[in-house]
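Trainee: mind folding the following:
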Amino acid sequence: MCGIVGLYLKNPELESRIGELFKPMLIAMTDRGPDSAGFAIYGDEVGEGWVKLTLRHPEADYDWEALATRLKTELQLELSWFQNASVAVFKVRAEEATLREWLSEEAPDVLILSVGQSIEILKEVGLPEKIAETFNLEGMKGSHIIGHTRMATESAVTMEGSHPFSTGMDLCLVHNGSLSNHNRLRENLKREGITFETQNDSEVAAGYLTWRLQQGDSLKEALEHALEDLDGFFTFTIGTRNGFAVMRDPIACKPAVLAETDDYVAMASEYQALTTLPGIENAKVWEPEPATFYVWERS
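Mentor: Now for the predicted structure:
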């Protein structure tokens, strides 16, 4: 059992408050996932030709300044960076492949949590309220955000095994449920060049969507294929640079509720996580249908 929450803002005037609005949603899912928690926030976007990376190192006192200096000097790149608790966000004028190759060779202990132009992923082991405080969630700004609280079932309680999972540019996924064919899919996707950091079945779902998008699918087409190729029980919430999506399996045994107003779309595993949102009493509220996906994207 895990908890999922998501908030997509239609009203740009609320973007300065997204962390404030989202924090109680995440904490409301504590009983569904007390082991670890995390979220992916979209905002603070870098321009074309730039890449934003969320990086983490197991040592709490890791010297990010030294890493930034080496990266800038050895590759002759423009960059800026800032630290948020246990992670560092690097904004670099470079190609994704160049950065991944250099980090793999020169800083192999540094874990890449996300890469894109907008996304930042922040996650840790512990109660959701602790994670929210650690990363100052309440003070964050952005256009949309998805989060997860985990009760581990198929793998150990680790930061690496917590959600969200990201396997492609600005793409991430959170999952409540379990996939029965993830081992076979993982091997197939590896042959297609998709890399995995954990044995978590949810990371395979994220990798599958990344692969479908690389084949030229739109997000909607990728989700249509996912309904055909992913076996098991799942409620997914997927984040992209331009929006987010919600999808349930054909049996729909994992709970989900959606709410929409003129200002936002919100999703949660339980309605009680939505009750603090402004105007929720007047929102259109419904349960997502089985074998159906819902997508909200900016044009």
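Trainee: so who does residue 167 touch?
Mentor: Residue 167 makes contact with 194, 195, 196, 203, 206, 207, 209, 210 under the criterion CB atoms under 8 Å, 6 or more residues apart in numbering. The C-beta positions use only the backbone N, C-alpha and C, and glycine is treated the same way.
Trainee: that one should be in a strand, yeah?
Mentor: Yes - Residue 167: assigned to a strand according to DSSP: H, G, I helix; E, B strand; the rest coil.
Trainee: let me know the pLDDT of it.
Mentor: The predicted local distance difference test score for residue 167 is 87.
Trainee: angles on the backbone of residue 49, please.
Mentor: Phi and psi for residue 49, reported as degrees, to the nearest 10, are phi 90, psi -10.
Trainee: that one: neighbouring residues, count only.
Mentor: By the criterion of other CB atoms under 10 Å, residue 49 has 11 neighbours.
Trainee: make a ChimeraX selection of the buried ones in the contacts of residue 167.
Mentor: Typed into ChimeraX, the next command selects the buried ones out of the contacts of residue 167 (criterion: 16 or more other CB atoms under 10 Å):
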select :194,203,206,207,209,210
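Trainee: counting neighbours, what do you get for residue 59?
Mentor: When counting by other CB under 10 Å, one arrives at 8 neighbours for residue 59.
Trainee: name the SS class of it, please.
Mentor: Assigned state for residue 59: coil (three-state reduction, three-state DSSP).
Trainee: residues touching it, list them.
Mentor: Residue 59 makes contact with no residue, according to CB under 8 Å, 6+ apart.
Trainee: what about it, distance to residue 288?
Mentor: 42 Å (CB to CB, to the nearest Å).
Trainee: picking that back up, out of the contacts of residue 167, which comes closest to residue 36?
Mentor: Distance to residue 36 across these (CB to CB) is lowest for residue 203, with 14.2 Å.
Trainee: doesn't the closest one belong to a strand?
Mentor: No - with three-state DSSP as the criterion, residue 203 is assigned helix and is not in a strand.
Trainee: okay, it: pLDDT?
Mentor: pLDDT recorded at residue 203 is 90.
Trainee: just give the nearest non-adjacent residue to it, would you?
Mentor: residue 165 (4.4 Å; CB to CB, 6 or more residues apart in numbering).
Trainee: the one you found: how many residues sit nearby?
Mentor: Using other CB under 10 Å as the criterion, residue 165 is surrounded by 30 other residues.
Trainee: quick one: residues contacting the residue lying closest to residue 173 once chain neighbours are set aside.
Mentor: In space, and not counting its chain neighbours, residue 173 is closest to residue 206: 4.0 Å by CB to CB, 6+ apart. Taking CB under 8 Å, 6+ apart as the definition of contact, the neighbours of residue 206 are 164, 165, 166, 167, 168, 171, 172, 173.
Trainee: make CSV from those and add distance to residue 23 to it.
Mentor: Rendered in CSV, the data for the contacts of residue 206 read as follows (distance: CB to CB, whole Å):
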residue, distance to residue 23
164, 16
165, 22
166, 21
167, 27
168, 27
171, 24
172, 19
173, 21
